[in-house]
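Enquirer: The sequence isn't on hand, but the structure is:
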């Protein structure tokens, strides 16, 4: 109240729960509420609100404001005061979390010790995150927002578009620090879709790397080569053996780009003798991010070894990956599968049917579901007009936290002769 700047800093740095005394919590909530409409708070305004709301008994009497002002020598050290309040809160919260863990060990939960450890880890993770939210531990939310906007104006922070798929770009799924998921049933051409995007990004000069966990580099480079020259026969051994001249010509035409994909390690794989788990994948992601790779992909995450609690492994994986991505301004694409169809019925596109549990449902930013089907007619929107089309793929946007498109169904068409996928338009009437 002695300095309007002090009120602003305190409100952006602290929350009511950081204060130990209940009366101080009530006062802080009142300050924060009033500051939204009255930037220049003063003693008279706050005292009037305390009386009008009958809060005197909760904040320590009518003279509480006067005592607080007398006990505060100056508002010039507001940053230091905020730090002290935050540090004391974190100390109390850490002791409380430790107490809950001890209580859980002394009186075990029927669900087992894992639940105790998980609760303790979650509590400590929450404290660690909170320790970075306010001044002086890190930038405030307002400062972060302002910096993002400035970086977007300057062009430093931008979304990478999906090459050849303008509708997907509405989701802003590839903003720095984001995590996108591509899922679908076997045969939906998820990997071919990703490989096509990867070499198109590389062609456009975007720094990209994909870790292929099924098959080796040569297998995926060959598929990329077939896409580049638009000839799926390059993946057919019998055709290659009977058409040596056409094969050599195709390889020569694609050499310039395939050579880059190889030499720049755009497409990577894991040796057969190496175990693959979430920890090793995280280490690879961090290596790529530190090297300045803008788009990082893993295909498929579901092949990684997990403990007897895969949902917990994936949850921890997403959390740690998010920290890496935010620190290095990279984006991550994860390919996964859909749950097994035990009843023989068609699996409906939904977040609940994605392999990976709630971690991929809750802690990722964008989720695409690619579905293969027989050719069918659909009415689609192209620009301002609606037209009819035939397509054999439907891409569902199940989640789009960073942009538009959630709930959209997009008609795509996969060409088996070129192994490429083309975007037809947004379905308005199937």
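Expert: Yep, it's here. Please read all numbers here as calculations on a predicted model, not as lab measurements.
Enquirer: Count the residues that sit near the nearest residue to residue 160 once chain neighbours are set aside.
Expert: Ranked by C-beta to C-beta, 6 or more residues apart in numbering and with sequence neighbours excluded, the top spatial neighbour of residue 160 is residue 174, at 4.1 Å. (C-beta placed from N, C-alpha, C; glycine too.) Number of residues near residue 174 (other C-beta atoms under 10 Å) recorded here: 27.
Enquirer: shouldn't residue 174 be in contact with residue 296?
Expert: No - between residue 174 and residue 296 there is no contact, the gap being 10.5 Å when judged by C-beta atoms under 8 Å.
Enquirer: okay, and the common contacts of the two?
Expert: Both residue 174 and residue 296 are contacted by 331, 333, under the criterion C-beta atoms under 8 Å, 6 or more residues apart in numbering.
Enquirer: circling back to that earlier point, in what helix or strand does the residue nearest to residue 160 lie?
Expert: Using DSSP states H and E, residue 174 sits within no helix or strand.
Enquirer: in the stretch 1-150 of the chain, which ranges drop under the pLDDT threshold?
Expert: By pLDDT under 70, the low-scoring segments of the stretch 1-150 of the chain are 1-5, 39-41, 61-63, 65-77, 104-105, 107-140.
Enquirer: now do 90
Expert: Applying pLDDT under 90 to the stretch 1-150 of the chain flags residues 1-147.
Enquirer: Which stretches in it count as helices?
Expert: 4-13, 22-37, 43-52, 56-59, 64-71, 78-106, 113-130, 141-154 (DSSP state H, counting those that start in this stretch).
Enquirer: burial measure for the closest residue to residue 10 other than its chain neighbours, as a count.
Expert: Leaving aside its chain neighbours, residue 10 sits nearest to residue 82 (5.8 Å; criterion: C-beta to C-beta, 6+ apart). Neighbour count of residue 82, defined by other C-beta under 10 Å: 21.
Enquirer: How about residue 305?
Expert: 12.
Enquirer: now residue 54
Expert: 8.
Enquirer: Repeat that for the one 3 residues further on.
Expert: As a burial measure, the neighbour count of residue 57 was computed by other C-beta under 10 Å and equals 10.
Enquirer: Please report phi then psi for residue 213.
Expert: The phi/psi pair for residue 213 (degrees, to the nearest 10) reads phi -100, psi -10.
Enquirer: could you check the distance from the nearest residue to it once chain neighbours are set aside over to residue 47?
Expert: Once flanking residues are discounted, residue 213 sits nearest to residue 303: 4.5 Å by C-beta to C-beta, 6+ apart. Remark: distance between residue 303 and residue 47 (C-beta to C-beta, to the nearest Å) = 65 Å.
Enquirer: Now do the residue positioned nearest the centre of the chain against residue 399, distance only.
Expert: Closest to where the C-alpha atoms of the chain average out (C-alpha atoms, centre = their mean) is residue 179, at 3.1 Å. As judged by C-beta to C-beta, residue 179 and residue 399 stand 11 Å apart.
Enquirer: can you pull the buried residues of the helix or strand where residue 325 lies?
Expert: For residue 325, the host element (DSSP H and E) is helix 310-328. Going by neighbour count (16 or more other C-beta atoms under 10 Å), the buried part of helix 310-328 is 310, 312-318, 321-322, 324-325, 328.
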